[in-house]
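# Make a model of this:
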Amino acid sequence: MNLNHLYVDKLCARLQCWDAEIRRWNDQAATAAAGDQPRLAQQLQSVSEKRDLVQDCLLQLRSASSTAWHIVKTGMEAAWFDLTQAIEQTALIFDT
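Numbering: from 1, shown residues only. You can find the predicted model right below:
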């Protein structure tokens, strides 16, 4: 297995951990006070959109040629950064 595959596998594993967190937060939002639910739903929608973008980037990265890999990786890293920020913000809301 080459380093590119190891890199993608590592990110996929981390994404799976975040998926579990997102599911947990969705469960918490479903039982939150009615007044809080719209705000929580909006935050979770934002996280889910960013997560889906990262998933798409990972799929592209897996299938990218060696010459395109670095270009696709740059876009994936930007999407990953955005998702990380959204996860951290959401954790502050749900885990405090």
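# My guess is Ser48 contacts Glu21. True?
No - between Ser48 and Glu21 there is no contact under C-beta atoms under 8 Å: 11.7 Å. In short, each C-beta sits where N, CA and C put it, glycine included.
# Pick out the residue closest to the middle of this protein.
The chain has Arg51 as the residue nearest its centroid, 3.1 Å off, counting by C-alpha atoms, centre = their mean.
# Now do that one against Ala68, distance only.
23 Å (C-beta to C-beta, to the nearest Å).
# Ala91 too?
Ala91 is 34 Å from Ala68, by C-beta to C-beta.
# With Gln37 instead?
42 Å.
# go on, Asp82?
From Asp82 to Ala68 the distance is 21 Å (C-beta to C-beta).
# And what about Phe81, helix, strand or coil?
Following DSSP: H, G, I helix; E, B strand; the rest coil, we place Phe81 in the helix state.
# Asp52 - how many residues pack around it?
Residues near Asp52, counting by other C-beta atoms under 10 Å, number 12.
# State the helix or strand in which it lies.
helix 37-63 (DSSP states H and E).
# Now do that helix: which elements does it pack against?
helix 3-30, helix 66-94 (3 or more C-beta pairs under 8 Å, 6 or more residues apart in numbering; DSSP states H and E).
# in that helix, what counts as buried?
Leu40, Gln43, Leu44, Val47, Lys50, Arg51, Leu53, Val54, Cys57, Leu58, Gln60, Leu61 (16 or more other C-beta atoms under 10 Å).
# any chance of the residues you listed in a markdown table, plus distance to Ala86 and pLDDT?
Shown next, in a markdown table, are those (distance: C-beta to C-beta, whole Å; pLDDT from 0 to 100):
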| residue | distance to Ala86 | pLDDT |
| --- | --- | --- |
| Leu40 | 13 | 95 |
| Gln43 | 8 | 96 |
| Leu44 | 10 | 97 |
| Val47 | 5 | 98 |
| Lys50 | 5 | 98 |
| Arg51 | 8 | 98 |
| Leu53 | 10 | 97 |
| Val54 | 10 | 97 |
| Cys57 | 15 | 94 |
| Leu58 | 16 | 94 |
| Gln60 | 20 | 93 |
| Leu61 | 20 | 92 |
